[in-house]
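Novice: with the sequence up front, the predicted model follows.
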Amino acid sequence: MPSHGSGSSKGAVVRGTWLVSSTAAGVTEPTTFRLHDREWDLLPGVFAPTHCVSTGFFTESLPFPVGGSFLDVGCGAGVTAVSAAAKGCARVAATDISEAAVENTGLNAARHGLADRIELYRGDMFDGLGPEDRFDLVFWNSPFIDPGTADGAAVHAVHDDRRDQLRQAVFDPGYRAHQRYVTEAGARLTAGGRLLLGFSDLGDHGMLRRLAADAGYRITVLRTSGDLVRGVDYQLLELVPHDTAP
């Protein structure tokens, strides 16, 4: 897995900036999109799964614990959380720091008749969950692009609420959110629970490995997107405790 040193590559920052701008410009009022043979609601300020294949790829790749519990961190439009409930998870919780994203997930849960199976929490990472909440699978489709110190000013040059919300879905300056995820997620797992992360070759794998190691994990690759999209390889990663046999 490549490492880009301090921050992600310049190409990754350019791609992330394009994703933010194109989504902000393309979704200015409530609309719908189609994915996995379902119709979905999409609100302004929420990352559009149609602009990037990552949501679809990770959702179809996840080993949902049928009959068990699933936590979707950074739920966005709610595709993954709703799909988890539709595929048989007995309990699904979805969190997002964005109020629009939480509302959007609620709309899609209702659209597909699964509102009673999905718990919604607005907050950063695990905020809002009860102290005893544990899950068989915890997943985060992470904002794997670190703009770095050189490009950070350009990334945040234009400020408005909608773009700021979208930036949080794409960029993680200094990998502070990643550090919190690998540090705190283990306490949210049931015995034998699994910790997964949606990542990409555009992310800083060196930094991620260091953060994971400091938290007591090694990283394994469960699946990659390969030739699904030109110029980027999405990677479904599992963070495995060091004391677990390979």
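Specialist: Looks like it came in fine.
Novice: quick check, central residue of this protein?
Specialist: Nearest to the mean C-alpha position of the chain, counting by C-alpha atoms, centre = their mean, stands Asn141 at 1.9 Å.
Novice: once you drop chain neighbours, what's closest to Arg91?
Specialist: Ser69 (4.1 Å; C-beta to C-beta, 6 or more residues apart in numbering). Placement of C-beta: from N, CA and C, glycine included.
Novice: doesn't Leu197 make contact with Val138?
Specialist: No: here Val138 does not reach Leu197: they are 9.3 Å apart, not a contact under C-beta atoms under 8 Å.
Novice: first vs last residue of stretch 110-122, how far apart are they?
Specialist: 17 Å (C-alpha to C-alpha, to the nearest Å).
Novice: sorry, that was for stretch 135-148
Specialist: 33 Å.
Novice: packing partners of the longest helix along the chain?
Specialist: Assignment by DSSP state H gives helix 10-26 as the longest helix of the chain. If contacts are counted by 3 or more C-beta pairs under 8 Å, 6 or more residues apart in numbering; DSSP states H and E, helix 10-26 sits against helix 148-155, helix 161-168.
Novice: average pLDDT across that helix?
Specialist: Across helix 10-26, the average pLDDT comes to 77.
Novice: the longest strand seen in the chain pairs with which strands, and in what direction?
Specialist: Identified as the longest strand of the chain according to DSSP state E is strand 189-200. Note on strand 189-200: by DSSP bridges, its sheet partners are strand 135-141 (parallel), strand 234-241 (antiparallel).
Novice: contacting residues around the shortest one?
Specialist: In other words, strand 135-141. 54-55, 58, 62-65, 68-74, 76, 80, 91, 93, 181, 185, 188-190, 192-198 (C-beta atoms under 8 Å, 6 or more residues apart in numbering).
Novice: what of the longest one?
Specialist: The list of residues contacting strand 234-241 from outside it, by C-beta under 8 Å, 6+ apart, reads 1, 53-54, 57-58, 61-62, 182, 185-186, 194-201, 212, 215-225, 228.
Novice: quick one: the strands in the protein?
Specialist: 31-35, 38-42, 69-73, 91-96, 118-122, 135-141, 189-200, 217-224, 234-241.
Novice: mean pLDDT for those strands - can I get that in a markdown table?
Specialist: Below are these laid out as a markdown table (pLDDT from 0 to 100):
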| stretch | mean pLDDT |
| --- | --- |
| strand 31-35 | 94 |
| strand 38-42 | 96 |
| strand 69-73 | 98 |
| strand 91-96 | 97 |
| strand 118-122 | 96 |
| strand 135-141 | 97 |
| strand 189-200 | 97 |
| strand 217-224 | 96 |
| strand 234-241 | 96 |
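Novice: TSV for these, including distance to Arg15?
Specialist: Below are the strands of the chain laid out as TSV (distance: least, C-beta to C-beta, whole Å):
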stretch	distance to Arg15
strand 31-35	20
strand 38-42	21
strand 69-73	22
strand 91-96	22
strand 118-122	28
strand 135-141	16
strand 189-200	10
strand 217-224	17
strand 234-241	13
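Novice: which among those strands is found nearest to Thr23?
Specialist: strand 38-42 (9.4 Å; C-beta to C-beta).
Novice: how far away from the center of its chain is that closest one?
Specialist: Offset of strand 38-42 from its chain centre (C-alpha atoms, centre = their mean, to the nearest Å): 18 Å.
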